[in-house]
Every structure is written in structure tokens, then in C-alpha cells.
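**Student:** Fold the following, please.
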Amino acid sequence: MIEAEGLTKHYGSKVAVDGVSFRVEPGRVTGFLGPNGAGKSTTMRMIVGLDTPTAGRVTVNGKQYAQLRAPLHEVGALLEAKAVHTGRSARNHLRALAATHGMPTRRVDEVIEMTGLGSVADKRVGGFSLGMGQRLGIAAALLGDPRTVILDEPVNGLDPEGVKWVRTMVRYLADQGRTVFLSSHLMSEMAITADELVVIGRGRIIATGPVQQVIEQTTSSSVLVRSPRARELADRIAGDGVTVTASDDVTLSVRGLDAARIGDLAAAQGIALHELTPQTASLEEAFMTLTADDVEYHSSPAPQEGQAA
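**Tutor:** Numbers count the residues shown, from 1 in each chain. This is a model prediction of the structure:
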């Protein structure tokens with residue numbers, strides 16, 4: 001379990017993390033989301049003792065990281081995949097880590113096999129692709145068979161097979177009762193992988209909870225309706241709390257009524273329906289809504305054709 005209480009980090013006059021409190025439970029995959037500059041990496045670094053909090057505290061399994069007697073057995077972290085001696089082979093890098101923490105050599109072979117590094121294990125890390133570097137970072141995080149796994153952008157640079165592998169791996173770890181905390185910019189992947197979310201913006205927590213709950217609390221659902229008598233139906237169902245938008249003569253988007261109620265009202269009026277489909281927002285839409293006021297860097301609209309770039 002990871003518990004943060006009033007966790008704060010200042011860099012001079014800049015407040016990177018501002019009094020955040022959250023809990024990451026074992027047996028669940030918890031996604032950590034936020035725009036660039038929101039404080040995700042700083043928070044993760046404080047969890048594993050790489051940065052010292054200005055105020056507040058964060059514990060792993062009830063202890064601060066510095067108090068853990070065997071930290072690699074308690075916490076495995078991928079925060080910066082490039083933090084490797086480029087002249088070493090992947091195998092020697094992992095062997096060095098194992099030796100300094102009293103782990104048997106066979107564990108190195110196990111994580112190499114687990115992460116798909118077998119064919120490149122004896123090659124110099126300096127020649128690795130971004131994806132292979134990520135796999136090596138994950139192998140190092142799993143080396144101590146830790147109870148808690150923290151992964152910052154683990155799918156960065158991975159091909160579709162690698163992304164699917166990470167998804168399966170973190171699900172397996174959580175199903176074993178381990179604590180899994182990961183960040184990602186791939187909202188579609190996070191929607192599939194995570195059970196819970198912690199969303200941060202400008203150093204503050206702006207949402208927590210199960211994925212679907214965060215989506216439902218942040219966005220409004222609608223129902224897509226197609227009918228040859230769409231305009232008549234719109235007049236019949238419009239009212240307090242109900243918004244009906246017509247995109248053409250046969251298509252409506254209805255907010256404020258569920259599909260079953262719309263179907264009942266249409267049937268009562270003898271109005272034929274050709275489609276009645278609930279529409280739910282995506283995690284990406286919820287994320288954009290949540291963080292709209294917390295994005296540090298905004299892009300300008302693309303220039304129109306004929307305009308100077």
C-alpha cells in the first residue's frame with residue numbers, strides 16, 4: 001500500500017506538489033494521470049526517496065522508503081529507463097543490481113525471460129531501442145519480486161505487442177495482491193488497464209476513484225436516437241432537465257433521459273425507432289474536462305490552409 005498525507009514539494013518559489021493526499025491499495029491497478037508539469041514524476045520520486053518532501057509524508061507498506069530494510073524487495077520502480085550504464089549488457093546491469101542486494105543469479109535469468117529480453121540480454125544497453133530500454137527498466141523493477149510496483153510511463157516506446165504485454169503483466173501483479181501504481185499518457189490504454197485513478201493538476205489532486213466513477217462524475221452521458229419522426233419525438237421528450245440536439249432530420253442526441261425511458265415515450269406515441277444507443281464518454285474526454293484549467297502548456301490552433309505558419 002502507498003499512502004500520501006499532505007505531501008508537498010517546493011523547488012524555490014515553484015510549488016511542484018501541493019499538499020496531496022491519496023491511497024493506493026494492494027490488489028488493484030491504480031493509474032496516475034495529469035498533464036505535463038502536474039507533479040506526477042515529482043510525487044513518484046518522493047515515494048521512492050529520490051526527492052525529500054518539503055512537507056507531509058508518504059509511506060510504502062506503512063514505512064517511509066528510507067526506513068525499508070530491503071527496499072528492492074518492497075518496492076520496484078521504473079522512473080527513468082535511461083538511468084543505466086550504456087557500456088554494460090542488460091544481463092550484467094541486472095546482475096550488478098542483484099549482487100548489491102543479495103539476490104541469486106537465477107532471479108536475473110527469470111526477469112530476463114519474463115520481460116522478453118532473452119535475445120538481447122548480452123548486448124550493450126547503449127544500442128537498445130527505446131522499447132528495449134523500457135523492458136530493461138521493468139526487469140530491474142521486478143528483480144526483487146517486490147510487493148509494490150511503481151511504473152512511470154511503462155509503455156513509452158513499446159510496440160503494440162509490448163503495450164499488451166505491460167497490460168497483462170500489471171494485471172497479473174495486481175491479481176497476486178501487489179500494489180501497482182502507474183502513469184501513462186495513453187488514455188485508451190489506462191481505461192483498459194486501471195481499476196482506480198488518481199488525477200493530479202498543478203500539483204493538487206483533482207479526482208480519485210474507480211475509472212468508471214471518475215468518467216461518470218466528470219462527463220454527462222447521452223443517448224443516440226434515430227427515427228423517421230425525430231423532430232416530433234424531440235418535441236415530445238423535451239422538458240426540464242432534458243436536452244435534445246438534432247444533427248439532421250432523423251438523428252437526435254438526448255441528455256437527461258436514459259434509453260429505456262426514451263423507448264417507452266416513443267412507443268406510447270407510436271413513433272418508430274431505428275436506433276437507440278446509450279453514449280458514454282471516454283476516459284480521454286473525462287481527463288480533458290478535469291484538467292482543462294490545469295494544463296501548463298497550451299498549443300495554438302493549427303494554421304488554416306493559405307495562412308502563414
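**Student:** Okay, buried residues for whichever strand or helix holds residue 161 please.
**Tutor:** Using DSSP states H and E, residue 161 maps to helix 160-175. If you call a residue buried by 16 or more other C-beta atoms under 10 Å, then helix 160-175 has these buried ones: 162-163, 165-167, 169-171, 173-174. C-beta: built from backbone N, CA, C; applies to glycine.
**Student:** Show me what it is in contact with.
**Tutor:** Applying C-beta atoms under 8 Å, 6 or more residues apart in numbering, the external contacts of helix 160-175 come out as 27-29, 114, 116, 131, 134-135, 138, 149, 151, 154-155, 158, 180, 182, 186, 189, 192-193, 195.
**Student:** In strands, which of these fall?
**Tutor:** Of the positions in the contacts of helix 160-175, 29, 149, 151, 180, 182 sit in strands, assigned by DSSP state E.
**Student:** Need the nearest residue in space to the third one, chain neighbours excluded.
**Tutor:** Of all residues beyond its chain neighbours, the one nearest residue 151 is residue 182 (4.2 Å), with distances taken as C-beta to C-beta, 6 or more residues apart in numbering.
**Student:** Residue 188 and residue 148, how far apart?
**Tutor:** Distance from residue 188 to residue 148, counting by C-beta to C-beta, to the nearest Å: 26 Å.
**Student:** ok, residue 55 touching residue 8?
**Tutor:** Yes. The pair formed by residue 55 and residue 8 meets the contact definition of C-beta atoms under 8 Å, at 4.0 Å.
**Student:** Name the residues contacting each of the two.
**Tutor:** Common neighbours of residue 55 and residue 8 are listed as residue 19 (criterion: C-beta under 8 Å, 6+ apart).
**Student:** Run through the residues that contact residue 242.
**Tutor:** Residue 242 makes contacts with 254-257, as judged by C-beta under 8 Å, 6+ apart.
**Student:** re the thing from before, settle it for me: which of residue 55 and residue 8 has more neighbours?
**Tutor:** With other C-beta atoms under 10 Å as the criterion, residue 55 and residue 8 differ in neighbour count, and residue 8 comes out ahead with 19 against 13.
**Student:** Could you tell me how many residues sit around residue 87?
**Tutor:** Residues lying near residue 87 (other C-beta under 10 Å) number 10.
**Student:** do residue 148 as well
**Tutor:** Applying the criterion other C-beta under 10 Å, we find 22 residues in the vicinity of residue 148.
**Student:** Looks to me like residue 83 is in a strand.
**Tutor:** No. Assignment of residue 83 by DSSP: H, G, I helix; E, B strand; the rest coil gives coil, placing it outside any strand.
**Student:** any idea how far residue 265 is from it?
**Tutor:** If you go by C-beta to C-beta, the gap between residue 83 and residue 265 works out to 61 Å.
**Student:** Just the pLDDT for residue 294.
**Tutor:** What the model reports as pLDDT for residue 294 is 63.
**Student:** so the residue nearest to residue 151 makes contact with residue 150?
**Tutor:** Yes. Between residue 182 and residue 150 a contact is recorded at 7.3 Å, counting by C-beta under 8 Å.
**Student:** Fine by me, we can end here.
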